[in-house]
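Enquirer: next come a sequence and a model predicted from it.
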Amino acid sequence: MQVCADTVIESNPADVDALLQCKVSGTEQTIDALLKEKIQTIGENIKIRRFQRFEGVVAAYIHAAGKIGVLVKFETSAEIAAKAEFKEYGKNIAMQIAAIIPQYLNEQSVPAEVVEHEKTILKEQIINDGKPAAIADKIVTGRLGKFFKEICLVDQAYVKDGDLSVQQYTDATGKELGGEIKIVDFVRFEKGEGIEKREDNFADEIASMIK
């Protein structure tokens, strides 16, 4: 609902629970009360699951009639941000995120436990392939680069030009526009993402029916 987005922009709630207690923009009604009213009117359960709020220079992209939504935050000058070329660049980055689904911004943002888990898997694979354990660590270091290129946005191949990484595309665009551009953060939401779907065991269901 647009009113929810407007309320997030104006009130900057810390989380969903705080948002529910916020007053709808321009009214005395809370988001929680409005939500319950809509549920009664429509007859369908509606739940606010998550939101993200960025301030500053932001690009937004909506794909497939709302199935996927992306926000990307940048650092750059006001002059560059106002240019049509930058807006096109921002849309391209958002589309990259929608299509390729990076998990992290860069190598530094990947949690240490994720890296260690990947190292363990790679080392086991290398040793199982018959390589000596003494050189496995060196091979792992090399293969980690490929891992980062898959999960980190700035290291990914730019989807519209595979000869460039996203970082190289960003640097080239900044230079072309007379300044610097830095990707600071992003969020990608997909409809239904994170909702555990009920999986029925058909045999158990039949068994329960004939008891």
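Expert: Received the coordinates, thanks.
Enquirer: work out for me the element V184 sits within.
Expert: Element membership for V184, per DSSP states H and E: strand 182-190.
Enquirer: list the buried residues in that strand.
Expert: I183, D185, F186, R188, F189 (16 or more other C-beta atoms under 10 Å). Placement of C-beta: from N, CA and C, glycine included.
Enquirer: now, which of the residues you listed sits nearest Q52?
Expert: Proximity of the buried residues of strand 182-190 to Q52 (C-beta to C-beta) peaks at F189, which lies at 7.7 Å.
Enquirer: so for the closest one, what's the nearest residue that isn't a sequence neighbour?
Expert: G69 (4.8 Å; C-beta to C-beta, 6 or more residues apart in numbering).
Enquirer: and the helix or strand hosting that neighbour, how far out from the chain's middle?
Expert: Under the criterion of DSSP H and E, G69 resides in strand 68-75. From the chain centre to the centre of strand 68-75 is a distance of 8 Å (C-alpha atoms, centre = their mean, to the nearest Å).
Enquirer: can I get the CA coordinates of whichever helix or strand comes after that strand in PDB?
Expert: Scanning forward in sequence from strand 68-75 by DSSP H and E, the next helix or strand is helix 78-81. Output of helix 78-81 as PDB, limited to C-alpha atoms (Å, rounded to 0.1, in the frame of the first residue of the first chain):
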ATOM      1  CA  ALA A  78      24.300  16.200  -6.600                       C
ATOM      2  CA  GLU A  79      25.400  17.300 -10.000                       C
ATOM      3  CA  ILE A  80      26.000  13.800 -11.200                       C
ATOM      4  CA  ALA A  81      22.900  12.400  -9.500                       C
END
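Enquirer: contact partners of helix 78-81?
Expert: With C-beta atoms under 8 Å, 6 or more residues apart in numbering as the test, helix 78-81 has contacts from V57, F74, F86, G174, L177, G178, G179, I181.
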